[in-house]
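[1] how would this look folded up:
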Amino acid sequence: MQQLNMTDSDKCNLFVHRENAAWGQKRKRLPVTLVTGFLGAGKTTLLRFVLSNKENLRIAAAVNDFAAVNIDAQLVAKDNTGDGSSRGNVVALTNGCLCCSIAKDFRAAVWTLMQECDKGNVDYLVIETSGVSDPLASIRALEEDFGKMYRVRLDSVVTVVDIDYFQKLAQEDGQVPVAFQSQLKYADVVLLNKRDLVTPEELAVAEAGVRQLAGADVVVHSCKFCAVPLNWVLDVDPAPTGPQLVSHEATRAAYALPGSGGKLRSADNVEAARVGETAGHLDADQFSSIVLESSKPLLLSRFQDLLGAECMRNVYRAKGNAFFAELPHHRYMFHWSGRQRFELSSEGTVGAASVQLVILGRDLPEAELRQRLDECLADHPSAMVPSQLADIRQRAESLVQSDIRFDVVHREDLPGVIIFRLTGYREFSISLTEAVTMHGINMDRMNREFAEAVNCSSGSALVASTIGQDGITALCHPLGGTVSLDAIWPTVLKEAEKIIALFYHHVRGCKCGW
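    You can find the predicted model right below:
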């Protein structure tokens, strides 16, 4: 064996290294929360809420998507930077499951963010799995005490559940997907999301069903839009409340990171993950995805027809960004989740026009779906204007004008849609100016929430869009499709009554106060 010739300086450096390794300051561990849940439950909504309310915490995110286009990572990156111009500490894990085909990418991503932790750029890591992922393999990877994961500290496994859709799976389908069962089995915390869509009795039934699959000791919270205190899902000490030092400067609440963690992680789940067996969930559940990417606009009328088509029956989740021939000046974010609940919201003016849509489901008729998606594309806006458009518009405007709670918005440059607003002020014998300035009615917010309510109930796509130079939010419905405004008008009236009651609850019907 060759003998090393070491100088006194070399020996001294070697001894210092040994001492540092044995007794020197330890590099801190990276706390991690793993967010899982079935398709459309609200995982990305939770992650976006955490990033928007992180206060003093420096939070990184890793977002997994089963499809080839990672729409969720694009949304989270935009939230984490403010303008979407830089991805910041957001890592996209695309075109596969963390538990299967991209496990190596997962380890590499966590290792990269660990380096950011060493530099002081990251305090906490939140990982969002795909909705079809079995979390067991990811849990085991995060609890390894060797290799690239040895300084990771798994603080909690949070499973988000769509209460309304959970009932549908249990009652109508009769079979809960294998991936979903595993997501509940290994959960430390379960968030029963979308509680506003169910009655208290239905919420109690759903919680009982969740506890049957997840265990009686699992921590369960109900929520709306995943708006929860951070210490419910992250192992952090809550921001102090009560009397504080008085300051005339704007201050932010501060969360504290405990040294060891362990408040949320269940010891039973640690042991269950150690001895559990991964299931071949992709084969068992028969999930697949379809992606549409195009530089051509979509026809809103045909896209709306597709949403109600029989070929979409087995779709569990759809999402993406798009621009429409009928509304050429804006781009829109599209979401489909649960029992055919849609959301089409304006995301600003069109820059580089593009369409990216992802459809996920079980036993999808892929050939038919691809054909229908191709038929939604338009080369020119004139392709969507039928010869009878004037008559359709007249009938639609007459319908809107028949109810004093609505106003028609006239835009000659947008011939393919009927545009109207829910205002409600006439019902209280006040003017629009009085409703806004004296009573604080936020008309834009009211119309956005109104569109969401109609889309959740009607199986139609009512678009809440920014219109005109004033930038008001108005409702747009295509005139050339098979789903007419008349067809969804009963739902429109029903939801209008609820929204008006919510926003005008403090307004008296008479100016004298009686």
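[2] Can you check the pLDDT for Glu427?
    As predicted, Glu427 sits at a pLDDT of 94.
[3] I'd like the distance between it and Leu136.
    In this structure, Glu427 lies at 55 Å from Leu136, with CB to CB, to the nearest Å as the measure. The C-beta positions use only the backbone N, C-alpha and C, and glycine is treated the same way.
[4] higher neighbour count, these two?
    Leu136 (21 against 14; other CB atoms under 10 Å).
[5] Might one say that that one is in contact with Ala187?
    No - between Leu136 and Ala187 there is no contact under CB atoms under 8 Å: 11.5 Å.
[6] OK, contacts around Gly261?
    31, 153, 155, 235 (CB atoms under 8 Å, 6 or more residues apart in numbering).
[7] Could you tell me which of those belong to strands?
    31, 153, 155 (DSSP state E).
[8] Just the strands from the stretch 351-500 of the chain, written as ranges.
    Taking DSSP state E, counting those that start in this stretch as the criterion, the stretch 351-500 of the chain carries its strands at 355-362, 406-408, 417-422, 463-467, 472-478.
[9] residue ranges with poor pLDDT in the stretch 251-400 of the chain?
    By pLDDT under 70, the weakly predicted segments of the stretch 251-400 of the chain are 251-253, 274-285, 338-340, 348-352, 379-388.
[10] One more pass at 90, please.
    Low-confidence segments of the stretch 251-400 of the chain, defined by pLDDT under 90, span residues 251-293, 295-297, 299-356, 358-364, 375, 377-393.
[11] Could you work out the most separated pair of the contacts of Gly261?
    Arg153 and Asp235 (8.5 Å; CB to CB).
[12] Look at those two and report which has more neighbours.
    Per other CB under 10 Å, whichever of Arg153 and Asp235 has more neighbours is Asp235, with 23 against 17.
[13] dump the residue contacts of the more buried one.
    Applying CB under 8 Å, 6+ apart, the residues near Asp235 are 31, 33, 155-156, 258, 261-265.
[14] Mind naming the longest helix for the chain?
    Longest helix in the chain by number of residues, with DSSP state H as the criterion: helix 485-503.
[15] relative to strand 417-422, how tilted is that helix?
    20 degrees (axes from the mean of the first three to the mean of the last three CA atoms, to 10 degrees).
[16] Give me the angle between helix 485-503 and strand 472-478.
    Going by the same axes, to 10 degrees, helix 485-503 makes 150 degrees with strand 472-478.
[17] now for helix 485-503, which elements pack on it?
    helix 389-401, strand 417-422, helix 443-458 (3 or more CB pairs under 8 Å, 6 or more residues apart in numbering; DSSP states H and E).
[18] Quick one: mean pLDDT over that helix.
    pLDDT averaged over helix 485-503 gives 93.
[19] Okay, buried residues for it please.
    Neighbour-count burial for helix 485-503 flags 485, 488-489, 491-492, 495-496, 499-500, 503 (criterion: 16 or more other CB atoms under 10 Å).
[20] With distance to Leu300 as new columns, can the residues you listed be given to me in a markdown table?
    Shown next, in a markdown table, are these (distance: CB to CB, whole Å):
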| residue | distance to Leu300 |
| --- | --- |
| Leu485 | 13 |
| Ile488 | 14 |
| Trp489 | 18 |
| Thr491 | 18 |
| Val492 | 17 |
| Glu495 | 20 |
| Ala496 | 22 |
| Ile499 | 23 |
| Ile500 | 26 |
| Phe503 | 27 |
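[21] from those, which is closest to Ser398?
    Leu485 (10.3 Å).
[22] residue contacts, that closest one?
    By CB under 8 Å, 6+ apart, the neighbours of Leu485 are 396, 399-400, 418, 477, 492.
[23] my guess is Asp188 meets Lys263, correct?
    No - using CB under 8 Å, Asp188 is not in contact with Lys263, being 9.9 Å away.
[24] Show me which of the two is the more surrounded one.
    Neighbour comparison, Asp188 and Lys263: the larger count goes to Asp188, with 25 against 13 (by other CB under 10 Å).
[25] how much space is there between the more buried one and Thr482?
    On the measure of CB to CB, Asp188 and Thr482 end up 47 Å apart.
[26] related to what we said a few turns ago, and the contacts of Gly261 as TSV, adding pLDDT?
    Formatted as TSV, the contacts of Gly261 follow (pLDDT from 0 to 100):
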residue	pLDDT
Pro31	92
Arg153	91
Asp155	93
Asp235	91
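[27] Put together a markdown table for those residues, with distance to Glu343 on each row.
    Output for the contacts of Gly261, formatted as a markdown table (distance: CB to CB, whole Å):
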| residue | distance to Glu343 |
| --- | --- |
| Pro31 | 32 |
| Arg153 | 36 |
| Asp155 | 31 |
| Asp235 | 32 |
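[28] tilt between the longest helix of the chain and helix 443-458?
    Going by the same axes, to 10 degrees, helix 485-503 makes 130 degrees with helix 443-458.
[29] Would you mind getting the angle between helix 485-503 and helix 389-401?
    30 degrees.
[30] quick revisit: which neighbours do Arg153 and Asp235 share?
    In contact with both Arg153 and Asp235: 31, 261, using CB under 8 Å, 6+ apart.
[31] Assess the claim that Ser266 and Asp188 are in contact.
    Yes - proximity of Ser266 to Asp188 meets the contact threshold set by CB under 8 Å, at 4.9 Å.
[32] Overlap in contacts, the two.
    Val218.
[33] what about the nearest residue to Lys494 once chain neighbours are set aside, how many residues close to it?
    Computed as CB to CB, 6 or more residues apart in numbering, the closest residue to Lys494 that is not its neighbour in sequence is Ser457, at 7.5 Å. By the measure other CB under 10 Å, the count of residues near Ser457 is 18.
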